[in-house]
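1. predicted model, plus sequence, below.
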Amino acid sequence: MSWINAGWWLCYAFAAVALQAFMPGLDFLLPGFILALQERNAPQVLAVGALFVLLQEGMGSMAFGGTLLWYALAAIVFYVGCGLLQGTGFLFVTLFGALLSCAHYVIFALLSTLQDIPWNPSLLLDECLFQTLFTPWIWWMAAGLRRMVMHEDRNRQR
């Protein structure tokens with residue numbers, strides 16, 4: 001991974017954490033993880049995934065495991081979905097975001113119950129609906145910014 005690439009991911013993580021501070025309950029790191037999955041660079045996916053899981057778990061109020069399970073499910077569903085559909089388009093990311101939001105509801109409802117954390121089903125449903133709506137747009141903006149930054153990096157290397 002180049003320094004520009006690593007710097008981009010750190011800047012993305014910083015921006016996503018800042019956005020999550022303004023809109024709690026939404027995962028702004030997930031669209032970046034989807035972007036990393038789409039680039040199909042295994043070391044990058046592992047590094048970005050580990051960073052994002054550690055950030056999410058550190059910011060969350062649950063015991064360790066919910067975000068790890070959600071991101072692992074995201075990777076599995078992504079690779080299965082790419083076998084069925086082209087995994088780079090806006091429609092794919094929209095469907096992917098909707099499926100992951102449903103998984104988010106089930107995982108966090110189950111873990112909240114297991115950990116005796118009070119939760120509001122309607123609030124969790126609202127968060128999942130907002131996540132479904134925001135994921136493709138955040139991914140689209142991140143993908144555009146990433147293309148610009150990485151294009152500049154490739155031009156400098158020539």
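-> Now that the structure is in, tell me what you want to look at.
2. how many neighbouring residues does residue 95 have?
-> The burial count assigned to residue 95 is 16, neighbours taken as other C-beta atoms under 10 Å. To be clear about C-beta, it is placed using only N, CA and C from the backbone, and glycine gets the same treatment.
3. meant to ask about residue 100
-> Residue 100 sits with 25 neighbouring residues when counted by other C-beta under 10 Å.
4. repeat for the one 3 residues further on
-> As a burial measure, residue 103 scores 16 neighbours (other C-beta under 10 Å).
5. next one: the one 3 residues further on
-> The burial metric for residue 106, expressed as a neighbour count using other C-beta under 10 Å, is 13.
6. which strand or helix spans it?
-> Assessed by DSSP states H and E, residue 106 sits inside helix 90-114.
7. any stretches of the chain with poor pLDDT?
-> For the chain, the stretches flagged by pLDDT under 70 are 1, 61, 64, 87, 152-158.
8. which residue is nearest the middle of it?
-> For the chain, the residue sitting closest to the mean C-alpha position, by C-alpha atoms, centre = their mean, is residue 30 at 0.8 Å.
9. what separation do you get for it and residue 63?
-> Noted for residue 30: a distance of 20 Å to residue 63, by C-beta to C-beta, to the nearest Å.
10. what's the lengthiest helix in the chain packed up against?
-> In terms of residue count, the longest helix belonging to the chain (DSSP state H) is helix 121-157. Using 3 or more C-beta pairs under 8 Å, 6 or more residues apart in numbering; DSSP states H and E as the contact test, the elements touching helix 121-157 are helix 3-22, helix 30-39, helix 90-114.
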